[in-house]
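Undergrad: I would like the atomic coordinates for the input below:
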Amino acid sequence: MESRLTKLETHFEYVQRDLAEIKADQKTISHQLIGIDKKLDRLPTNDDLWSWKIQWIAIGIGAVALIVGGIIGGLSWLK
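TA: Numbers count the residues shown, from 1 in each chain. You can find the predicted model right below:
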């Protein structure tokens, strides 16, 4: 009986040590995930990308309109 109790105590010490390691690993993983979440919050969303795309299209159309208007106005001035 005494040897079985000693064996149980030894195993319980190992279990406690392993549990402490798991808790430490869990804290490390939690801190890493929080860091990833902060990085993910800064990334553009799908809506951001669409709005940027629409803005650049509008800028392009405006630039083309100014260039064409300038050419037509310059040609009419030369006439």
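
Undergrad: measure the spatially closest residue to residue 44 that is not a sequence neighbour to residue 46 for me?
TA: Spatially, and ignoring its direct neighbours in sequence, residue 44 is nearest to residue 52 (7.6 Å; C-beta to C-beta, 6 or more residues apart in numbering). C-beta: built from backbone N, CA, C; applies to glycine. Between residue 52 and residue 46 the distance, using C-beta to C-beta, to the nearest Å, works out to 11 Å.

Undergrad: ok so, going back, check the burial of the residue nearest to residue 44 by counting its neighbours.
TA: By the criterion of other C-beta atoms under 10 Å, residue 52 has 11 neighbours.

Undergrad: what do you get for the one 5 residues further on?
TA: Around residue 57 there are 10 other residues, counting by other C-beta under 10 Å.

Undergrad: got the contact list for it?
TA: Contacts of residue 57 were listed using C-beta atoms under 8 Å, 6 or more residues apart in numbering, and none were found.

Undergrad: Let me see the mean pLDDT of the strand or helix carrying it.
TA: Under the criterion DSSP states H and E, the helix or strand holding residue 57 is helix 46-78. In this model, helix 46-78 carries a mean pLDDT of 93.

Undergrad: distance between it and the chain's centre?
TA: Relative to the chain's own centre, helix 46-78 is displaced by 33 Å; criterion: C-alpha atoms, centre = their mean, to the nearest Å.

Undergrad: helices and strands around the lengthiest helix in the chain, which ones?
TA: If you go by DSSP state H, the chain has its longest helix at helix 2-42. Under the contact criterion of 3 or more C-beta pairs under 8 Å, 6 or more residues apart in numbering; DSSP states H and E, the helices and strands touching helix 2-42 comprise an empty set.

Undergrad: Now it: average pLDDT?
TA: Confidence for helix 2-42, expressed as mean pLDDT, is 83.

Undergrad: The chain should start at 356 in everything you say after this.
TA: Sounds good: first residue 356 from here, last item helix 357-397.

Undergrad: And the residue nearest the centre of this protein?
TA: With distances taken as C-alpha atoms, centre = their mean, the chain has residue 395 as the residue nearest its mean C-alpha position (2.1 Å).

Undergrad: For it, list the residues it contacts.
TA: In this structure, residue 395 makes contact with no residue, judged by C-beta under 8 Å, 6+ apart.
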